[in-house]
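Enquirer: After the sequence you'll find the predicted model.
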Amino acid sequence: MKYYATKINEKGNIAVDDTILVKDLPCTAGSRILEGFKSLFSAEAVTRLEDKGYTISGKTHVGEFGLDLCGEFSHYSEKEETIKGAAAELVKNGEIKAALGVDMNGAPRRAAALSKVCFLKPTYGTVSRYGVVSTAASGEQLGVYANGVETIKEIMEVIAGHDDKDGTSLKDAAYDYKCDAEVRGKKVCVVKELLEKADENTKSAVLDYAKKLETQGVIVEEISLDFFDNANTTWQILYTAETCNNVSRYDGVKFGFRAEEYRNIDELYVNSRTQGFNFLTKAVILYGSDVLSKNRYEDCYGKALKVRRVIAEKMAELYNTYDAVLTPACSKTEFKEYSINDAFTKVFSEGVFTSVANLTGTPALVSGGVQLMGNHFSETTLLSLAYAVERMGE
Amino acid sequence: MNYEVVIGLETHVELSTESKIFCSCGGHSSPKEPNDCVCPACSGMPGMLPVMNKRVIELAVTAGLMLNCEISRYTTFDKKNYYYPDLPCAYQITQLNHPICTNGVVTLKTSQGNRDVRIKQIHMEEDAGKLVHEGKFSYVDFNRTSVPLIEIVTQPDFRSAEEVVTYLNKLKSMFRSGGISECEEGAMRCDVNISVREEGSDKFGVRTEIKNMSSFEAIEKAIKYETQRHIDALEYGTEELVQETRRFDDVSGKTFAMRNKETEADYRYFPDANIMPIVIDDEWLEQIKSAKPVEIDEKVQYYRDEGISETEIEMLVSNHKLSKLLDDVVAMGCNAKETATWILTDCAGVLRKDGKTLDELNVSDTQLAAIIKMVAAGDINRNAGKKILIAVVEKGVDPVAYCKEMGLDRKVDASAVEGIIDNVIAGNPQAVEDFKNGKVKAKQALFGACMKELKGAGDVNLIRELLDSKLNNL
């Protein structure tokens, strides 16, 4: 498998997913439509890391606009029978210290779970989205891949914080990440309905993790919650609509790929976009376009906005009782190569584990092949829980 | 049968801000070359996020206050989707659900008396770029992309083309004097919604919309043509009226239906997640209110009370820069009528010499106030003041320092003036002789010689008086 889209520094210690801009480097977001595009500026997170002395090793392959499971449908990467995220594999192999990824619909979390590394999707508004190839602005957040949570903490301390260039960046939040906070007495729940959606290997990984937490004095309870499917559908409506809108700027007029054959502006649009986007992106565009259309808006997009609020309230209620939710990050421990024609439904069925964090802007940490989710700004709790389990393996 | 035309207006006005609505590119100031004023944000590159320009909100609120609107304390932006090469993101950021101002009213003075036109709403949005077609090729210029606009939507309250033009002129002078927009050619664009019904009916007829007109003359012509077309259709059945969008052709003076494709688009509006809802709290609203320029009518009355001429008032209220300069100079303790003359006659004269207009006036309020005060205090005469003004305009000098440097501030008492006049009379016997023989011009030459000796200093009236009495007593 080819991990890098562009490699610039053998000795670099940070890799950056190709959905994040680095000045003067090509950025394709895994899509032919951005062929030849070079960025005029670096993402804020990249600049902050470079200012602190970190060096960028290169741009890692992502699936087209990060819409797939974890990087299997890039226009550029070579095919591989078993699906794994490029940045996650580089981290796992120890070639780099950490990597930056954009979590819009769980792709980096799945990649981290499959490669058995960590990925933190922080609270929405924590890390500037300036320089992120945007798909769904209302739920995407830049996060960190690393081998252990201490490194995640180290990188987060550099990249978190307000940025005037991003209107959604939180203004007065204080970021004081710890991974050694007291976990004894913390309450974690396991959601029965989510566990049932995973295969046996994954299920036992979650239950093992729960046992390890218990030996650290954490109280673990299994509960029943019925709204994860609704949360997943809601996020699918919102993210496809937003993605449809955000990728509409890739039209063959200004930069990137343009079809060779066209007789007028309509053909320039249609041919460039037909040849420039892959099947999955087109499915997302069509779905998103439909839920925004005049006749469907009230029943789909409008309703999804309302349901989002309801689910956020239910999650907040849950976090009144529990400090974290322990779930699978995806249904399997390994995915085999499959047809892109099935990608949209496959991504949807895996989204049931990841969507709620994007939908509600709450943090989610993948570690040891499982996922811990918590309330806004609960990163320290999540990191400390994971750190407690991590240390047991040493 | 008698018919009545019913018209509603959507007016787009380009705001006079220093930067664009969502990025720091220069906004209103017109760049010279295509794509001079473009950055990754306003050209739709990935990774850039819109950052709200606060000034746009303040100007939109000010416009709303002028039009007696309710100001929304919570306002949001939406995305409007359509593909066109001059729209780099393929969506326009605008306001659909929570516009900044609603429910206003503006009173028009017409030949039929005062007429109230209700304002439905004012919303903020970004402008698109433009296309330039040359032969086989089309070029895109993004200079205008993301320039801030407000769109003012009225209720269908107009009953004639004249009322529409009166309204537009009122908006124009209001916005110019309020520093909201320069409203120059193309910066004000209108969509006109028009229908015709039997007089006295309370039902609306079939409505057509004429899109995107910028000259008031064209708007008036278009309304008149379209009204007649509707009347002909109703009265003589010349055609069946359908609800549609039309464009006005300036050359033929007619309106034409636009293709359906252009008009029946589904814009798929939805909220823009990149721009957080904007909350206008009491403190901010009060700030905007207190910075709001005085209403024109009030201002005109004030100028009149100060004795400024009607022509001058017209020049002042139609040019925010000039009226602001005047107001600021007056605030520094100068007389309003005097100041108006200094600006509109003296400054204009100095600029005209260099082929410039008042738009290019570069004299600051403090500079002008310094000159006017020196004259008013009798430190220098008006001619000396003018000399200083020229130096200020041409070389940007400090008026007080320049006055000292050139010795213009010499206070000349009557005895010194007398001495100089005596010298001049003694030194120009020919001119004196000519004067005695009745040549009026000779006196002017002698006066000029006196002024030259005095280097422009001294009280002109005193000099003239003394010279007269001395010549008459010769």
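Expert: That came in fine, so what should we check first? Computed from a predicted structure; not experimentally measured.
Enquirer: Please count neighbours and contacts with C-alpha atoms only from this point.
Expert: Noted.
Enquirer: Can you classify the nearest residue to A:E242 once chain neighbours are set aside as helix, strand or coil?
Expert: Counting by Cα to Cα, 6 or more residues apart in numbering or on different chains, A:A136 is the residue found nearest to A:E242 once chain neighbours are left out, at 4.9 Å. Here A:A136 is recorded as coil under DSSP: H, G, I helix; E, B strand; the rest coil.
Enquirer: check contacts around the closest residue to A:K153 other than its chain neighbours.
Expert: Excluding its sequence neighbours, the residue lying closest to A:K153 (Cα to Cα, 6+ apart) is A:Y177, at 6.1 Å. A:Y177 makes contacts with A:K153, A:M156, A:E157, A:E379, A:T380, as judged by Cα atoms under 8 Å, 6 or more residues apart in numbering or on different chains.
Enquirer: A:Y177 sits in which helix or strand?
Expert: Using DSSP states H and E, A:Y177 sits within no helix or strand.
Enquirer: separation between it and A:P122?
Expert: Here the criterion is Cα to Cα, to the nearest Å. By it, A:Y177 lies 11 Å from A:P122.
Enquirer: got any residues that touch both of these two?
Expert: Shared contacts of A:Y177 and A:P122, counting by Cα under 8 Å, 6+ apart, come down to A:E379.
Enquirer: Which residue ranges of the stretch 151-300 of chain B form strands?
Expert: Here the stretch 151-300 of chain B has its strands, by DSSP state E, counting those that start in this stretch, at B:188-198, B:208-213, B:244-249, B:254-257, B:270-271, B:278-279.
Enquirer: Identify whichever of those strands lies nearest to chain A.
Expert: Comparison of the strands of the stretch 151-300 of chain B against chain A by Cα to the nearest Cα identifies strand B:270-271 as nearest, at 7.4 Å.
Enquirer: Dump the strands of the stretch 151-300 of chain B into TSV; add mean neighbour count and mean pLDDT as well.
Expert: Below are the strands of the stretch 151-300 of chain B laid out as TSV (neighbours: other Cα atoms under 10 Å in any protein chain shown; pLDDT from 0 to 100):
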stretch	mean neighbour count	mean pLDDT
strand B:188-198	22	95
strand B:208-213	21	94
strand B:244-249	19	93
strand B:254-257	16	93
strand B:270-271	22	96
strand B:278-279	14	96
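Enquirer: Can I get those in JSON lines including distance to B:D305?
Expert: Below are those laid out as JSON lines (distance: least, Cα to Cα, whole Å):
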{"stretch": "strand B:188-198", "distance to B:D305": "32"}
{"stretch": "strand B:208-213", "distance to B:D305": "38"}
{"stretch": "strand B:244-249", "distance to B:D305": "44"}
{"stretch": "strand B:254-257", "distance to B:D305": "47"}
{"stretch": "strand B:270-271", "distance to B:D305": "50"}
{"stretch": "strand B:278-279", "distance to B:D305": "40"}
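Enquirer: B:I119: what secondary structure?
Expert: With three-state DSSP as the basis, the three-state label of B:I119 is strand.
Enquirer: For the closest residue to chain B within the stretch 151-300 of chain A, give me its contacts.
Expert: Residue nearest to chain B within the stretch 151-300 of chain A (Cα to the nearest Cα): A:R249, separated by 4.2 Å. Counting by Cα under 8 Å, 6+ apart, A:R249 touches B:G44, B:M45, B:P88, B:C89, B:A90, B:Y91.
Enquirer: Kindly write the PyMOL command that selects the buried subset of these.
Expert: In PyMOL syntax, the buried subset of the contacts of A:R249 is picked out as below (16 or more other Cα atoms under 10 Å in any protein chain shown):
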select buried, chain B and resi 44+45+88+89+90+91
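Enquirer: and the two most separated of the contacts of A:R249?
Expert: B:M45 and B:Y91 (12.9 Å; Cα to Cα).
Enquirer: thinking again about what came up before, include distance to chain A, secondary structure and pLDDT when you put the contacts of A:R249 into JSON lines, please.
Expert: Output for these, formatted as JSON lines (distance: Cα to the nearest Cα, whole Å; DSSP: H, G, I helix; E, B strand; the rest coil; pLDDT from 0 to 100):
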{"residue": "B:G44", "distance to chain A": "7", "secondary structure": "coil", "pLDDT": "93"}
{"residue": "B:M45", "distance to chain A": "8", "secondary structure": "coil", "pLDDT": "95"}
{"residue": "B:P88", "distance to chain A": "6", "secondary structure": "coil", "pLDDT": "96"}
{"residue": "B:C89", "distance to chain A": "4", "secondary structure": "coil", "pLDDT": "96"}
{"residue": "B:A90", "distance to chain A": "5", "secondary structure": "coil", "pLDDT": "95"}
{"residue": "B:Y91", "distance to chain A": "7", "secondary structure": "strand", "pLDDT": "97"}
